[in-house]
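> Here is a sequence together with a model predicted from it:
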Amino acid sequence: MDDALRNLLSILALKKVSDRSFSGLSSGHDEFGLFGGHQLAQGITAACETVSSDRILNSVHALFLRPGNGSQAINYEVESIRDGRSFAQRRVRAMQEDRNIFELTASFQAFESSERTISPDFPAGVKAPELLPTFEECIESVGPIFGDEWSTSERPVEYRIEHAPWAPAGPSDMGGINFWFKTKRKLDDNAAIHAAIIAYMSDDCISDTLLIPFNRTWGTEGTMIVSLDHSMWFHRPARADEWIYVEQWPSTAHGSRGLAHARIWQDGQLVSSVAQEALLRF
């Protein structure tokens, strides 16, 4: 198995401390602290551990409260908010050194079939992933714009870039970063793992789109960008080991805060929608 994917799966393999308490591995990187997607994925995994498998994750809403410590384990406490016939909700708190660094609420639905659907059209003109450069190829052509370690570290997914400031085609017409991804090997059918990996990737570069109008990346000297909150809706089941297309764009910025959006597609279907607010200072 790919080492980076093995590491991601180990991050998701939380240690059960009690029925409502779990411990997760940290990033191991003091310099970068904790990636927001790391906490999102572990928070989702913890919440999923406390609901029956016939419940489907339909939304998460998260707050990034404090910088995490990349060298210390993270403790997750899950509170049951409600268990109804159709929906169940959980609140997850992530703790380090008795400090609350992250909170997430998750909603789960009992499966329902319905003929009442809305299916937006898949974006026109998107190139197949096999025709697009890898992240490594893009960085090789432009240099380590995010710092040497982050730019050259191995990714847990196969990652093909369609639009980005560091891609040959540049940002999208909406000023965004668009890419394909899938894990580098097949996974089992555990829906919680697939949802957690998709959430992990949803935070990969969504806030970076807020820097594009200012001709910056978060590697630009004097730039600070910090995720404040992250909301995500899961419309349809999706697999992280099959190609997923992510389109992202900046929506607005004012008062040192910016809001970015994303849509996540698989097999021509919209499977998830994402919104993230970030603090911008430069």
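Alright, I've got the coordinates. Numbers count the residues shown, from 1 in each chain.
> and the closest residue to R99 other than its chain neighbours, how many neighbours does it have?
Among residues not flanking R99 along the chain, R66 sits closest, at 6.1 Å (Cβ to Cβ, 6 or more residues apart in numbering). Glycine gets a C-beta too; all of them are placed from N, C-alpha and C. Counted with other Cβ atoms under 10 Å, the neighbours of R66 add up to 13.
> And for S251?
Using other Cβ under 10 Å, S251 has 16 other residues around it.
> and the residue nearest to R99, what element?
Using DSSP states H and E, R66 maps to neither a helix nor a strand.
> Correct me if wrong: S251 contacts A260.
Yes. S251 lies in contact with A260 (Cβ atoms under 8 Å); the separation is 6.1 Å.
> one step back: and the residue nearest to R99, what is it in contact with?
By Cβ atoms under 8 Å, 6 or more residues apart in numbering, R66 lies in contact with 99-102.
> Please indicate which of those residues are buried?
101-102 (16 or more other Cβ atoms under 10 Å).
> Give me the subset of the contacts of R66 that lies in strands.
When DSSP state E is applied, these are split such that 99-102 fall in strands.
> With respect to F108, which of the residues you listed is nearest?
Checking the ones in strands among the contacts of R66 against F108 by Cβ to Cβ gives F102 as the nearest, at 19.4 Å.
> Against V246, how distant is that closest one?
As judged by Cβ to Cβ, to the nearest Å, F102 and V246 stand 22 Å apart.
> Equivalent analysis for I197, please.
Separation of I197 from V246 (Cβ to Cβ): 13 Å.
> Neighbour count: those two, which is higher?
Counted by other Cβ under 10 Å, I197 and V246 do not tie: I197 has more neighbours, with 28 against 23.
> Hmm, the more buried one is touching E242, no?
No. Counting by Cβ under 8 Å, I197 stays clear of E242, with 11.6 Å between them.
> Could you check how many residues crowd around the closest residue to L8 other than its chain neighbours?
The shortest distance from L8 to any residue other than its chain neighbours is 4.0 Å, reached at P156 (Cβ to Cβ, 6+ apart). For P156, the number of neighbouring residues by other Cβ under 10 Å comes to 21.
> again with G43
So G43, with other Cβ under 10 Å, has 30 neighbours.
> Assumed it was part of a helix.
Yes. Under DSSP: H, G, I helix; E, B strand; the rest coil, G43 falls within a helix.
> didn't it look like it was pressed against F102?
Yes. Counting by Cβ under 8 Å, F102 is a contact partner of G43 at 6.7 Å.
> Between these two, which contacts overlap?
By Cβ under 8 Å, 6+ apart, the residues touching both G43 and F102 are 62, 94.
> Tell me where the stretch 151-282 of the chain has strands.
Secondary structure of the stretch 151-282 of the chain (DSSP state E, counting those that start in this stretch): strands at 157-163, 178-183, 224-234, 244-254, 257-266, 269-281.
> could you dump those to a markdown table with distance to D189 and mean pLDDT?
Shown next, in a markdown table, are the strands of the stretch 151-282 of the chain (distance: least, Cβ to Cβ, whole Å; pLDDT from 0 to 100):
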| stretch | distance to D189 | mean pLDDT |
| --- | --- | --- |
| strand 157-163 | 18 | 95 |
| strand 178-183 | 13 | 98 |
| strand 224-234 | 16 | 96 |
| strand 244-254 | 17 | 98 |
| strand 257-266 | 15 | 98 |
| strand 269-281 | 16 | 97 |
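> what about this protein, any weak spots by pLDDT?
1, 28-33, 143-152 (pLDDT under 70).
> now with 50?
1 (pLDDT under 50).
> Reformat the ones in strands among the contacts of R66 as JSON lines; add distance to F108.
What follows is those, written out as JSON lines (distance: Cβ to Cβ, whole Å):
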{"residue": "R99", "distance to F108": "28"}
{"residue": "N100", "distance to F108": "23"}
{"residue": "I101", "distance to F108": "24"}
{"residue": "F102", "distance to F108": "19"}
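> H194 and K186, how far apart?
Taking Cβ to Cβ, one finds H194 at 11 Å from K186.
> Next, A4: secondary structure please.
Going by three-state DSSP: A4 is helix.
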